Every structure is written in structure tokens, then in C-alpha cells.
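> only geometry, no sequence info:
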């Protein structure tokens with residue numbers, strides 16, 4: 001197996017771009033809290049990470065590095081990161097190469113003091129915005145679009161008489177289309193910002209100090225709030241600017257929310273941690289329901305006609321670890337079949353700077369998964385996976401399961417065929433690399449070598465995702481009243497449910513200009 005083929009196995013899954021975190025808590029060790037929050041968000045990016053803090057004098061401190069959070073940070077480099085507030089970032093590159101120069105948070109000096117930014121997502125109009133900045137004489141040295149955001153926020157807005165950080169952020173939001181969630185640190189506050197379509201997740205939590213004081217955090221997923229002993233409050237609304245500072249939590253409308261929201265449905269299918277809550281729903285529960293719906297639409301086929309005296313082999317449902325396990329549980333329960341673990345994942349074997357030898361490289365997917373042969377041998381296996389992108393991994397897994405003694409292997413996918421790339425902050429491969437864009441179902445079945453193949457329909461997926469959404473208490477009494485609070489209340493009364501599923505349908509919610 002060549003290095004290219006080995007890399008294909010590594011890249012044969014969609015990659016979320018980033019995870020972000022922010023905290024204001026002068027009484028606490030904010031860098032250490034940020035560290036553990038980023039560990040909880042590690043699944044959103046494993047290429048680089050960083051933490052930036054601001055001390056009582058308004059002086060920023062920052063440390064970034066390539067690799068996992070636990071590889072980059074230790075007691076030595078956390079110690080200098082003193083401060084009353086912090087933001088953090090984990091990154092997987094979708095715009096810009098995987099190099100230290102593109103690591104975040106990014107920290108710059110402005111006329112209003114330092115500015116630090118951590119971003120999740122992509123600006124779909126990045127090319128146009130970058131050209132505007134270049135024509136103004138702004139030099140650019142990074143490849144990721146966080147630099148565009150940084151330079152736009154560093155400039156004084158021309159459309160307002162007030163030069164506050166809120167007005168600068170709002171000016172940026174009015175000009176920039178895209179899928180983004182941001183944590184921003186200024187000398188006095190932390191800001192959380194979400195695009196007007198609400199495409200990328202962002203939520204608010206609170207923690208209580210030993211003295212009983214309430215402090216606030218902003219992060220990509222609720223799992224990070226739970227990890228640091230906090231309490232989830234609510235999501236940041238589409239188009240909202242949230243500020244957390246010494247006085248608490250403040251809300252501003254940066255851009256009116258869209259009448260057609262487009263939260264990424266793939267967060268439910270694959271990206272988010274199963275213990276996170278999105279739109280009022282536990283992700284694990286949604287994935288179980290996806291498996292249940294898949295069982296309704298695509299139960300396993302009957303066994304062939306039996307010969308006299310022959311006994312049909314038992315049928316068993318297994319999932320591809322880790323994101324597909326809840327769907328496998330839901331599928332098995334709905335069909336009345338046995339669910340069992342059939343694959344063990346070597347979770348950390350590829351997240352290392354030690355490159356495999358040629359011998360190990362030839363093992364391919366066997367480096368990542370091991371079959372539990374006793375649970376497979378002599379049985380008909382229904383293999384549940386969340387998606388097929390390039391098809392390399394599922395093909396190797398089918399062969400592995402057959403090699404472990406399976407009589408039949410039936411593949412069931414708890415989402416529709418992925419036919420289109422994502423331009424909203426996810427590495428979903430190109431049209432040329434997407435198996436389902438280039439092949440029909442029969443051809444994909446032949447490629448992966450299974451006995452049957454079926455996908456969840458788009459209608460079935462959207463029904464499951466949307467049927468139990470509960471935005472909850474979107475306006476909280478803990479928030480400091482702002483001039484836009486009445487506007488928010490009006491917006492919440494007519495808030496609609498909407499999701500982006502462009503990777504399945506090709507219907508993008510924004511014009512792409514890269």
C-alpha cells in the first residue's frame with residue numbers, strides 16, 4: 001500500500017473544521033479550564049490547537065502548537081498563560097494548509113487594544129472580502145479566512161457613528177456571508193458570534209466559583225460545558241453577538257436572523273459528540289432514532305431458501321465505532337435483532353507524529369479497527385455506518401468482517417448518499433472523490449463488496465432530526481437587558497426550524513465565492 005493509499009484511509013471521513021471556547025472568570029485558572037474544555041472538543045479538530053489569555057493589565061498571552069491538545073500543552077507552557085479570561089481553539093484545516101502559521105487563536109494589536117479570535121467555519125465570500133482588504137493596502141500572511149475576519153474587526157467601521165467592539169463585529173457580520181461561529185477576546189470582554197443562518201453550533205454555559213459567583217463560558221458544544229463542571233444555558237442565536245464580562249452576560253443583534261435557518265444536519269449524523277445537546281436534543285438520542293428510521297426503510301433482506309434440515313445463521317447488528325453505534329442500537333431494537341460490538345477501534349493510533357513503517361502502512365484500515373471474530377463468525381452481519389464519503393474504509397471493513405467469518409455482510413447507512421462537497425466549514429472531499437456522486441447504488445455495492453447496501457432517505461433523516469427540536473428558554477433572565485432584547489423576543493416568537501443538507505442535495509443556502 002502506497003503512502004497515498006494509506007492517507008486515503010486517514011481522510012476517508014468528513015472532517016469538522018474547528019472547536020472554539022471562551023471564558024471570563026478572574027477568580028479561576030482560565031488557561032487550565034480552557035485546556036480541559038478543548039480536550040472535550042478534540043473531536044472537532046486534531047491538527048493544531050491554541051489558548052490565548054488576557055491578564056489584569058490587558059496584556060495578551062498566547063500559545064499554539066501542532067497536534068492534539070494533550071500533546072501541545074503541559075504544566076510548563078500553561079503556567080505563563082495567566083489572565084482573567086481566555087479563548088481556545090482546536091483546528092482541522094479546510095481553508096489553509098495544516099501548518100503552525102494557520103494555528104489559532106490569532107492575536108493582533110489594534111487602536112482599541114489587542115484582539116484575539118478563534119473561528120469555526122468558512123466565509124463563503126472570502127475571495128471577495130480578501131480582495132477588498134488587499135485593495136486597502138492590508139497585507140495578508142495567513143491562508144485561513146480567520147485573518148480576513150481579524151483585519152475586518154481591526155478596522156474602524158464606516159457605517160456607524162459608534163466605534164465599539166459590538167459595532168465592529170456587527171459591521172463584519174453585515175458584510176460577511178458564511179458559516180461561522182467565533183470566540184473573540186478584547187481587553188475587557190469575551191464575545192461569542194454566530195452567523196445569521198446559524199450553520200455552525202455555539203452555546204452558552206455558566207460556572208459557579210467557590211465564592212458563589214456566576215461566570216459564563218461560550219463553546220462549540222455542550223460536552224465542553226459538562227467537562228468543566230458547568231451548566232448549559234442556551235444556544236447562541238443565529239445573528240447574535242454575546243458578550244461576557246465583569247457584569248455578566250449581554251446580548252446584541254449583530255445581524256437579523258435569516259427566515260431560512262440552515263444549521264448543519266451533519267452535526268447530528270457524525271460531527272457532534274453523542275453527549276452534546278443540539279437544538280434541545282441529545283445527539284445520542286437523535287442518532288438512535290436515525291437507526292430506527294433506517295430499520296423501517298431498509299430492514300435486512302431475508303435469507304436464501306433453506307435446504308432440508310438446514311438452519312439459517314443468526315443475524316447480528318454491529319456499528320462502526322464510534323459515531324455509528326447509537327444508530328446501530330436503534331436499528332437492532334426496531335428490527336428485534338441482536339446488537340453486539342463487532343469492531344474495536346484503535347482510537348489514538350493515527351493521532352501521533354510517529355509515522356508507520358512500510359510494513360504497518362500495508363495494514364491499512366487494520367491499524368484503525370480490529371474485528372471481534374467471536375461475535376461475527378458464522379453470522380449474517382448488518383453493518384451500520386453513518387455515511388460513505390470516498391468508500392475506502394467501508395470497503396476494507398466489509399472485507400475484514402468477511403475475513404472474520406461472517407456468512408453475509410449487509411451495509412446500512414444512517415444518512416443519504418453524500419453527493420456534494422461542503423463549502424461551509426467541513427472537509428467533505430471534492431466531486432471527483434465522492435463515491436456516491438460518481439457511482440449509482442449498484443456500483444457502490446459492487447465497489448465495497450457487500451451483499452446489500454441501503455441508505456436512509458433524505459426525507460427520513462430530516463423527519464427524525466426535526467421532530468423533537470426544542471429551543472427552550474432562548475431568552476434568559478440572567479442576561480443584562482440590551483437595546484436589542486425586544487427585537488430578540490420578537491424574532492424568537494417566529495423562529496423557524498431549518499437545516500443545511502447541501503452535501504446530500506446540492507442545494508446550498510449561500511452563494512459560493514472561493
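Okay, I see it. This structure is a prediction, so every number in the text was calculated from the model and none was measured. Numbers count the residues shown, from 1 in each chain.
> can you pull the contacts of residue 101?
Residues counted as contacts of residue 101 (Cβ atoms under 8 Å, 6 or more residues apart in numbering) are 141-143. All C-beta spots, glycine's among them, are computed from the backbone N, C-alpha and C.
> Just the buried subset of the residues you listed, please.
Those of those that meet the buried threshold are residue 142, by 16 or more other Cβ atoms under 10 Å.
> Save the contacts of residue 101 as JSON lines, and put in distance to residue 189, pLDDT and secondary structure too.
Converted to JSON lines, the contacts of residue 101 look like this (distance: Cβ to Cβ, whole Å; pLDDT from 0 to 100; DSSP: H, G, I helix; E, B strand; the rest coil):
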{"residue": "141", "distance to residue 189": "27", "pLDDT": "74", "secondary structure": "coil"}
{"residue": "142", "distance to residue 189": "24", "pLDDT": "72", "secondary structure": "coil"}
{"residue": "143", "distance to residue 189": "29", "pLDDT": "70", "secondary structure": "coil"}
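> can you give me the helices in the stretch 401-514 of the chain?
Assigned by DSSP state H, counting those that start in this stretch, the stretch 401-514 of the chain shows helices spanning 435-438, 441-448, 458-466, 485-493, 502-505.
> so which of these comes closest to residue 178?
helix 502-505 (13.4 Å; Cβ to Cβ).
> how about the closest one: buried residues?
Buried residues in helix 502-505 (16+ other Cβ under 10 Å): 502-504.
> all strands for the stretch 351-500 of the chain, in order.
369-371, 380-385, 408-413, 426-427, 452-455, 479-480, 499-500 (DSSP state E, counting those that start in this stretch).
> any idea which helix or strand carries the residue lying closest to residue 296 once chain neighbours are set aside?
Once flanking residues are discounted, residue 296 sits nearest to residue 334: 6.6 Å by Cβ to Cβ, 6 or more residues apart in numbering. Using DSSP states H and E, residue 334 maps to helix 325-335.
> Put together TSV for the strands of the stretch 351-500 of the chain, with mean pLDDT and mean neighbour count on each row.
Listed next are the strands of the stretch 351-500 of the chain as TSV, based on pLDDT from 0 to 100; neighbours: other Cβ atoms under 10 Å:
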stretch	mean pLDDT	mean neighbour count
strand 369-371	95	18
strand 380-385	98	25
strand 408-413	98	24
strand 426-427	76	21
strand 452-455	98	20
strand 479-480	53	15
strand 499-500	96	24
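> among these, which is nearest residue 116?
Comparing the strands of the stretch 351-500 of the chain under Cβ to Cβ, the one sitting nearest is strand 479-480, at 22.9 Å.
> on that earlier part again, need the strands of the stretch 351-500 of the chain in JSON lines with distance to residue 219, can you?
Shown next, in JSON lines, are those (distance: least, Cβ to Cβ, whole Å):
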{"stretch": "strand 369-371", "distance to residue 219": "30"}
{"stretch": "strand 380-385", "distance to residue 219": "28"}
{"stretch": "strand 408-413", "distance to residue 219": "30"}
{"stretch": "strand 426-427", "distance to residue 219": "19"}
{"stretch": "strand 452-455", "distance to residue 219": "32"}
{"stretch": "strand 479-480", "distance to residue 219": "18"}
{"stretch": "strand 499-500", "distance to residue 219": "21"}
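> Which one, of these, ends up nearest to residue 26?
Of the strands of the stretch 351-500 of the chain, nearest to residue 26 by Cβ to Cβ is strand 479-480, at 17.8 Å.
> could you point out which element follows the top strand by length along the chain?
Assignment by DSSP state E gives strand 113-123 as the longest strand of the chain. Counting by DSSP H and E, the next helix or strand C-terminal to strand 113-123 is helix 126-135.
> Give the residue spans of the stretch 101-250 of the chain that score low on pLDDT.
159-161 (pLDDT under 70).
> make it 80
137, 139-144, 156-162 (pLDDT under 80).
> Which stretches in it count as strands?
106-110, 113-123, 178-185, 190-194, 203-208, 214-219, 231-235, 240-245, 248-253.
> In a markdown table, list those along with distance to residue 414 and mean neighbour count.
Converted to a markdown table, these look like this (distance: least, Cβ to Cβ, whole Å; neighbours: other Cβ atoms under 10 Å):
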| stretch | distance to residue 414 | mean neighbour count |
| --- | --- | --- |
| strand 106-110 | 37 | 16 |
| strand 113-123 | 24 | 25 |
| strand 178-185 | 23 | 28 |
| strand 190-194 | 27 | 28 |
| strand 203-208 | 24 | 20 |
| strand 214-219 | 26 | 26 |
| strand 231-235 | 24 | 18 |
| strand 240-245 | 31 | 24 |
| strand 248-253 | 36 | 20 |
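> Residue 384 contacts residue 323, correct?
No - with contacts counted by Cβ atoms under 8 Å, residue 384 stays clear of residue 323, the gap being 10.3 Å.
> picking up where we left off before, now the strands of the stretch 101-250 of the chain in CSV, please, with extra columns for distance to residue 404.
CSV is the format used below for those (distance: least, Cβ to Cβ, whole Å):
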stretch, distance to residue 404
strand 106-110, 48
strand 113-123, 39
strand 178-185, 40
strand 190-194, 45
strand 203-208, 41
strand 214-219, 40
strand 231-235, 41
strand 240-245, 50
strand 248-253, 53
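> and of these, who's closest to residue 397?
Going by Cβ to Cβ, the one of those nearest residue 397 is strand 113-123, 29.7 Å.
> Who are the packing partners of the closest one?
strand 18-24, strand 48-54, strand 60-66, strand 85-91, strand 106-110, helix 146-154, strand 178-185 (3 or more Cβ pairs under 8 Å, 6 or more residues apart in numbering; DSSP states H and E).
> got the angle for the longest one vs strand 106-110?
Meaning helix 146-154. Orientation check (axes from the mean of the first three to the mean of the last three Cα atoms, to 10 degrees): helix 146-154 against strand 106-110 gives 30 degrees.
> list the buried ones in the longest helix belonging to the chain?
Ranked by number of residues, the top helix in the chain under DSSP state H is helix 283-297. For helix 283-297, burial by neighbour count (16+ other Cβ under 10 Å) applies to 283-284, 286-295.
> Looking at these, which one is closest to residue 450?
In terms of Cβ to Cβ, no member of those lies closer to residue 450 than residue 294, at 15.1 Å.
> In this model residue 460 seems to touch that closest one, though I could be wrong.
Yes - if you go by Cβ under 8 Å, residue 294 and residue 460 touch, sitting 7.4 Å apart.
> ok, back up a step: for the buried residues of helix 502-505, give me JSON lines that also has distance to residue 236 and pLDDT.
Formatted as JSON lines, these follow (distance: Cβ to Cβ, whole Å; pLDDT from 0 to 100):
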{"residue": "502", "distance to residue 236": "22", "pLDDT": "95"}
{"residue": "503", "distance to residue 236": "23", "pLDDT": "95"}
{"residue": "504", "distance to residue 236": "26", "pLDDT": "96"}
